[in-house]
Every structure is written in C-alpha cells, then in structure tokens.
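>>> from the sequence below, what's the structure:
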Amino acid sequence: MTRFPLTMACGPYDRMEALAQGLVRPEGIALRYLAIQSPPEIFARMIKTRSFDIAEMSLAHYSIMRARGDFPFVAIPVFPSRVFRHGYLFINRNAGIREPRDLAGKRVGVQEYRQTAGVWVRGILRHEYNVDLDGVVWVEGGVNEPRAPDHEMDLRPTGPLKLELIAGDRTLNDMLESGEIDAYFGARRPGALDRGKNVGRLFADYRAREKEYFQRTGFHPIMHTLVMREELHREQPWVAESLYKACEESKKWAMKQMRFSGAQKTMLPWLYEEIAEMDSLMGDNPWPYGLAANRKILEAFMSYLVEQHFLAKAPDIDALFAPIVNWSE
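Residues are numbered from 1 along each chain as shown. The predicted model follows:
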C-alpha cells in the first residue's frame, strides 16, 4: 500500500523520538520528520512560507490568529511543549522587587509580548498574586542575542500597551544586568543569571511553588500545539487522527525508554528519583494529549488572552482543534 507522504517539523523532543526515528509509523502516512531545535524558526517558516504539512506552533499565536479568522491551519490536540513558568521570572536585585506586587509600574523585558510563555506568566501573576500590570512599561527584544522586530509575527493586543522596542545589538540580558530594566520574564533564561552579579529569580523557591500550583490547579502550562495545513485537513481528514494516535504511541515509547533502569539514557544523575517525584505528583499520565484531559487548562489560557486584550471573547475550544475519535474512551 502506498503511504501518503507528509513532512512534519517539530522539536527534537523525547516524546517525538519514535516518530522521528520511524519506530512509530502513522497509519497510512510516510512521515518525514524534521527535528528543528528553534521553535520560533518552525513557527515562522510554517506561517510565512507554508514550508511543512504539519508543524509545531505557538499556542498563543495559533489561538489568536485562528480566533481572528485569518489563519489557514487547524490544530491537532497534541501538545509537544509544556513548561512550568514560576522559575522564569527574573529580576535585577537592585530594583526593589521583593514580591510579585512590586512589579507594578516597573520596566519589564519580554522577548515577544505575544509569546505563550509571557501570556502564562501574566496570567499567573494576576490570578495567583493579584499583580496589577497595567502600569508596566514592556521592553521587547532579544534575550541573550539581538532580535530584530518581525511585524508579520509580532501580534499586538487591541487594548493600550506601553511597549518599547530595543534595537541594534542590545539584549534584554545586558539591560537586566545593568538595571536598565527591572525584570524580565519569558521562555529563555538570561545568561546573567549564571554569569552576572545582579540578576536573580523573583521566586527562589520556584520548584515548590510550581508543584503547589499543579496540585491546586492541575495546570502544567501548555506552550505549543501541532497544526496542519487547513486544506490538507479538508481533503484528508483522516490524517489528523492518524497523527494523533502516532503521537500517543511515540509518547508511550519515550516513557518506557526513560524508565529503563539497566543503563540511563540521559545524563541526569537522579533521573529515577525525578521520575518517582513526577509519578507521585502527576499520576500515570503526566503529559496528556486530547481535549478531554486539557479542556480546563485550555479554557484558562483562552481567558488570559481575553484579559490581555488579544481577543474580544474566548473562542470555543472544540472549534480550535480537529475532532479526534478516541477509541480508548
């Protein structure tokens, strides 16, 4: 039987490794997996040149553009990237920031204001710590390397926004270390956290806070989803379900490999202790796909997009994702 040839671009993640190696083969599909380290590169190539049939995509960018009605892609409820974000709030130690509410009125750096990580951090600050961010001056640019503005990718909210763009060879990392900005949060660690003198975390006990946050809310923040070209979905609707099933199988394979104790696959010395802690906290499905297991967290994220003036109203979650028949339910 001839398999349908498709190209998929996604990160070099353990949960996708079996797909990348061809150990798991989606039903009816001859999959070419492009493992690309930089998520923004994948996003830009998919959006600007339609370079792939299926691609990893920013949850924020997809949700905003799809809800606005101008995005020729449809998501599959597979979430290749999740990251707790309490540990990604960084401050200049001389800025007088001792607790979250001290961020009010400060100059805060962001790599991209519309970045999914930023949406999550602002939502957490507002809902968990009652922080007023209306008076913040946002400073946008590259973190450890300069970043030129990209007007095709840089979505803006419809409400008022105090935003400054840094230009040339300047970086948020250097500005945070020097005190030109008071804080920074986003998806990347600033180099000055390890090599500088003036940068620290807002939450020194971030791991304890993230665990408590998960226990109370059940949220392991989703960063990215998968999308496929909309015309492909219209013409071949079976592809979404075939890919979904394959992604589930690839994730199961990765979990099995991670737990093999005969010889450690990664260089993390206390890997099995970390796995035991994950099991205790998250149960037997720590990285769930599908809408049933993720509806609550997706609805919360959409409410953040409304609060932050990216959307006028929260979109219907079911309308954002390709329907998947889950035979295990």
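
>>> could I get the full set of strands for this structure?
Assigned by DSSP state E, the strands in the chain fall at 4-10, 29-35, 54-58, 73-82, 89-92, 107-110, 137-140, 163-165, 183-185, 199-201, 222-229.

>>> let's have those in TSV, adding distance to Met255.
The C-beta positions use only the backbone N, C-alpha and C, and glycine is treated the same way. What follows is the strands of the chain, written out as TSV (distance: least, Cβ to Cβ, whole Å):
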stretch	distance to Met255
strand 4-10	18
strand 29-35	19
strand 54-58	20
strand 73-82	14
strand 89-92	30
strand 107-110	34
strand 137-140	37
strand 163-165	41
strand 183-185	30
strand 199-201	30
strand 222-229	18
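
>>> out of these, flag the one nearest Phe310.
With respect to Phe310, and counting by Cβ to Cβ, the nearest of the strands of the chain is strand 54-58 at 12.1 Å.

>>> distance from the closest one to the middle of the chain?
11 Å (Cα atoms, centre = their mean, to the nearest Å).

>>> quickly run through the sheet partners of it, with directions.
strand 4-10 (parallel), strand 222-229 (antiparallel) (DSSP bridges).

>>> quick one: work out the angle between it and strand 73-82.
Angle, strand 54-58 to strand 73-82, by axes from the mean of the first three to the mean of the last three Cα atoms, to 10 degrees: 70 degrees.

>>> now strand 54-58: average pLDDT?
On average, the pLDDT along strand 54-58 is 98.

>>> with stretch 107-123 instead?
For stretch 107-123, the per-residue pLDDT averages 97.

>>> CA atoms only for it - export them in CSV, please.
In CSV, the C-alpha atoms belonging to stretch 107-123 read as follows (Å, rounded to 0.1, in the frame of the first residue of the first chain):
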residue,chain,number,x,y,z
ARG,A,107,10.2,48.3,33.3
VAL,A,108,9.8,44.6,32.4
GLY,A,109,11.6,42.9,29.5
VAL,A,110,9.9,40.3,27.2
GLN,A,111,11.3,38.5,24.2
GLU,A,112,7.9,38.8,22.4
TYR,A,113,4.9,40.3,24.1
ARG,A,114,2.6,37.8,22.5
GLN,A,115,4.8,34.8,23.4
THR,A,116,2.9,32.0,25.0
ALA,A,117,5.3,32.0,28.0
GLY,A,118,4.5,35.6,28.6
VAL,A,119,0.8,35.1,28.4
TRP,A,120,1.1,32.4,31.0
VAL,A,121,3.3,34.5,33.3
ARG,A,122,1.0,37.5,33.2
GLY,A,123,-2.0,35.2,33.9
